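A.B. asks: Sequence and predicted structure are below.
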Amino acid sequence: MLCSLLGICAPPALAIDPLLMFLLSAAREVVSAAARAQKAPATPVPVETTQYAGTSVEPDHLRRLIDECFTYLTDAQRREIFDSLHAALMDPKNAAVRGSMIDYFATRAVAVRDAQQRLANLSGPSRDRLVAEFKSTIAAMPADEAVQLATLLREGALPVPRELNAQLLAALDAR
């Protein structure tokens, strides 16, 4: 799913900072996940297992990973992520891919945490360059995507430090 979202940004992505590319793809992933959740909301599956069948991963490990990597989200949002992932992992149809689902999720979660830390540590000039690249990228973006991105920034649903979030939102509002 993330690869297809990156494909949407392919033309401008060649010149974009990798962090900006990551943020835009994360935004698209959040939007598509929200659309899927509206179609079929995840119903919480009781956590009765100590390990997911066929793996050595326990639900508590996933909860801890979510809490450590998605610190910018509210407790309710992190619980929603866990409930959705847990339901998918408990679905018998996914038994054959359970391990790869966990691996994929863990890789993405760590990438989110790393991007969040890198963005928080950007120097002033680097942040200004990122904002400038963001402005040029959103200039070529369809209006509906820009509106969705602005909504995510306003909700704090992207792994962006507050100050940078405000700068990106200002760039979008000035569009």
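C.D. replies: Sure, I can see it.

A.B. asks: Excluding chain neighbours, what is closest to the residue positioned nearest the centre of the chain?
C.D. replies: Closest to where the C-alpha atoms of the chain average out (Cα atoms, centre = their mean) is residue 26, at 4.0 Å. Nearest residue to residue 26, sequence neighbours excluded (Cβ to Cβ, 6 or more residues apart in numbering): residue 158, at 5.9 Å. Bear in mind the C-beta positions are built from the backbone N, C-alpha and C, glycine included.

A.B. asks: show me the residues around the one you found that make contact.
C.D. replies: The contact partners of residue 158, taken as Cβ atoms under 8 Å, 6 or more residues apart in numbering, are 23, 26, 27, 30, 72, 152, 165.

A.B. asks: Now with 6 Å, please.
C.D. replies: Neighbour list for residue 158: 26, 27, 152 [criterion: Cβ atoms under 6 Å, 6 or more residues apart in numbering].

A.B. asks: continuing past the helix or strand that contains the first one, what's the next helix or strand?
C.D. replies: Spelled out, that is residue 26. Using DSSP states H and E, residue 26 maps to helix 18-39. Remark: after helix 18-39, the chain's next helix or strand is helix 59-69, criterion DSSP H and E.

A.B. asks: And that next one, how far out from the chain middle?
C.D. replies: Helix 59-69 has its C-alpha centroid displaced from the chain centroid by 15 Å (Cα atoms, centre = their mean, to the nearest Å).
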